[in-house]
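> Sequence and computational prediction follow.
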Amino acid sequence: MTSPAVTSHTWHSGLTIRLIKTLIVMAISLATFAGSASSQAEPVIKAGVLKFGTVNWLLDVVQHNKLDQREGYRLEQLELARRDATSVALLAGEVDTIVADWFWALRERSAGEKLVFHPYSRTLGALIVKKDGPIKSLADLKGRRLGVAGGPLDKSWLLLRAWSRKQQIGDMADLAQPVFAAPPLLAEQMRNGDLDAVLIYWHFAAKLEAAGFQQLFGVDEFMRGLGIKTPPPLIGFLFRKPSSPSQQRAFAGFMRSVDAASQLLLASDAEWDRIRPRMGVRSGAEFETLRQRFRTGRLQGWTPEETASSKALFDLLLQTGGDRVVGRGVSFDPDVFKAQSSQ
């Protein structure tokens, strides 16, 4: 006859074994479920952006309208304080895409980074002067204080110099008194009357126009005057060319969602009203001018003509500014625009 003590011990031992088996089965099931969920999780694309960049308007439209989820990925943003920090973040793999110009992408491609470019707007900067002021032509800039955003190697500045030489007015660097500074400072100096004219990025130009100044020439007019019939976009999303099918699908979806957001901003005034608080506008006129300029620059796709125009622009700036502008030993590589082939 088995003693009560032995019976109790045997019963507890059996219970422990069954409990352990149950826990093992549960652990295996949870691991399997987690693995399955992980394999099916939507991919994430992280964009490195400047806090006050205009691209934030576009990405806000993507996220608010769930255009990323519709394309099977999730968009995240990493706000950075400086433009050079975005490029460092991309090369370090901290973000998947940034907004920059394709000239920088060409330099990195020459160093082995297979970056590709997807433009989202062809809006360019402008030369802004006082409305009804004394400056009516390039020649009128002689001896005037001309603010230039981006520094002595800024592409718009080099194009203006080349155009003024072609018109036999002389080199604008010798003709005017250039003042190089950051765009916000130049815009404020223009408002205060400390500058006679300013060559500045498109959104600062639009805000100045809304404040009563006027556009004398757009940077696209510089290009046309120099023989580039279809001025190409300079700024767009840069990312490493996807290497796997899953990456290709994610980035193709990203580009479609960006284009869809751009189309929504082209068609919907209500969407502009929604993002207006993010734009930091000072007046209704400023809001309207920014919206108009953004819409005017909307791209309708990338064609071989844009690639040819980009090559012509590259050659022109190489001739004008040399290696300091395009990079030492850097040549034009049309594959930088192959992002579109992934869609």
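Nice, I can see it. These numbers were taken from a predicted model, which means no experiment stands behind them.
> which parts of the helix or strand hosting Gln214 are buried?
Secondary-structure assignment from DSSP states H and E places Gln214 in strand 213-218. Neighbour-count burial for strand 213-218, with 16 or more other CB atoms under 10 Å as criterion, is recorded at Phe213, Gln214, Gln215, Leu216, Phe217, Gly218. Backbone N, C-alpha and C define where each C-beta goes, glycine included.
> got the contact list for the first one?
Counting by CB atoms under 8 Å, 6 or more residues apart in numbering, Phe213 touches Ile128, Val129, Lys130, Lys131, Met190.
> what's the answer for the fifth one, then?
The neighbourhood of Phe217, defined by CB under 8 Å, 6+ apart, consists of Ala126, Leu127, Leu138.
> now do the second one
Neighbour list for Gln214: Ile128, Val129, Lys130, Lys131 [criterion: CB under 8 Å, 6+ apart].
> and the two most separated of those residues?
Largest separation among the contacts of Gln214 by CB to CB: Ile128 and Lys131, giving 9.7 Å.
> Neighbour count: those two, which is higher?
Ile128 (28 against 11; other CB atoms under 10 Å).
> hey, what's the more buried one bridged with?
For Ile128, the beta-bridge partners are Val198, Gln215 (DSSP bridges).
> for it, what are its contacts?
Counting by CB under 8 Å, 6+ apart, Ile128 touches Met190, Ala197, Val198, Leu199, Ile200, Ala205, Leu208, Glu209, Phe213, Gln214, Gln215, Leu216.
> Output these in CSV; the columns should cover distance to Pro245 and pLDDT.
As requested, these are exported to CSV (distance: CB to CB, whole Å; pLDDT from 0 to 100):
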residue, distance to Pro245, pLDDT
Met190, 50, 98
Ala197, 52, 98
Val198, 48, 98
Leu199, 45, 98
Ile200, 43, 97
Ala205, 42, 97
Leu208, 47, 97
Glu209, 46, 97
Phe213, 51, 98
Gln214, 51, 97
Gln215, 46, 97
Leu216, 50, 97
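> Trp272: which of the residues you listed is nearest?
Checking those against Trp272 with CB to CB, the nearest one is Glu209 at 17.3 Å.
> Summarise which helices and strands the helix or strand where Gly236 lies is packed against.
Using DSSP H and E, Gly236 sits within strand 235-240. Applying 3 or more CB pairs under 8 Å, 6 or more residues apart in numbering; DSSP states H and E, one finds that strand 235-240 contacts strand 97-101, helix 102-110, strand 115-119, helix 245-267.
> Help me confirm that Asp101 comes into contact with Phe237.
No. Look at Asp101 against Phe237 with CB atoms under 8 Å: they stay out of range, at 11.2 Å.
> These two: which is more packed in?
Using other CB under 10 Å as the criterion, Asp101 and Phe237 rank with Phe237 on top: 24 against 15.
> what residues are up against Lys136?
Applying CB under 8 Å, 6+ apart, the residues contacting Lys136 are Leu216.
> how far away is it from Gln214?
Distance check for Lys136 against Gln214: by CB to CB, to the nearest Å, it reads 11 Å.
> Including distance to Gly321, could the contacts of Ile128 go into a markdown table?
Shown next, in a markdown table, are the contacts of Ile128 (distance: CB to CB, whole Å):
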| residue | distance to Gly321 |
| --- | --- |
| Met190 | 25 |
| Ala197 | 21 |
| Val198 | 21 |
| Leu199 | 15 |
| Ile200 | 19 |
| Ala205 | 22 |
| Leu208 | 26 |
| Glu209 | 28 |
| Phe213 | 28 |
| Gln214 | 28 |
| Gln215 | 24 |
| Leu216 | 23 |
